[in-house]
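Visitor: Here you go, sequence then predicted model.
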Amino acid sequence: MSLEILEKQATILKALSHPRRLEIIHLIRDKELPVQDIHQMLDLPQANVSQHLTLLRESNIVKNRKDGKHHYYSLTDPKIIQANDLIK
């Protein structure tokens, strides 16, 4: 396996290594959600949720789209959930 692939895997695993980010992944596993909904579901400050989402987006785990003032987040690939579900 190439070093480039291993580095990409390490980046993804590091991004997923926080319980709150795993919660976010599970919230958006089947549907896209606006930041406001994610913030309310997790009962965290919106700034904190935004920081987690930024890290997940920079790691190419989630993607976002803007509709007016709202930012919606979804998974970039459903295989992320499959991989996560293998870890029990």
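Guide: Structure's in. What do you need?

Visitor: what does stretch 9-18 contact?
Guide: Outside stretch 9-18, the residues that touch it by Cβ atoms under 8 Å, 6 or more residues apart in numbering are 21-22, 25, 52, 55-56, 58-61, 80, 84. Just so you know, the C-beta spots here come from the backbone N, C-alpha and C atoms, and that holds for glycine as well.

Visitor: quick one: stretch 23-43 to chain centroid distance?
Guide: A distance of 9 Å separates the centroid of the chain from that of stretch 23-43, by Cα atoms, centre = their mean, to the nearest Å.

Visitor: can you pull the buried residues of that stretch?
Guide: Neighbour-count burial for stretch 23-43, counted by 16 or more other Cβ atoms under 10 Å, picks out 24-25, 28, 33, 35, 37-39, 42.

Visitor: Just the ones in helices from the residues you listed, please.
Guide: 24-25, 35, 37-39, 42 (DSSP state H).

Visitor: in the strand or helix carrying Ser74, what's buried?
Guide: Here Ser74 sits within strand 70-75, counting by DSSP states H and E. Under the neighbour-count criterion of 16+ other Cβ under 10 Å, strand 70-75 has 71-73, 75 buried.

Visitor: still on that earlier bit, in JSON lines, list the buried residues of stretch 23-43 along with pLDDT and distance to Leu13.
Guide: Below are the buried residues of stretch 23-43 laid out as JSON lines (pLDDT from 0 to 100; distance: Cβ to Cβ, whole Å):
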{"residue": "Ile24", "pLDDT": "97", "distance to Leu13": "16"}
{"residue": "Ile25", "pLDDT": "95", "distance to Leu13": "13"}
{"residue": "Ile28", "pLDDT": "96", "distance to Leu13": "19"}
{"residue": "Leu33", "pLDDT": "97", "distance to Leu13": "23"}
{"residue": "Val35", "pLDDT": "94", "distance to Leu13": "24"}
{"residue": "Asp37", "pLDDT": "95", "distance to Leu13": "26"}
{"residue": "Ile38", "pLDDT": "96", "distance to Leu13": "22"}
{"residue": "His39", "pLDDT": "94", "distance to Leu13": "25"}
{"residue": "Leu42", "pLDDT": "95", "distance to Leu13": "21"}
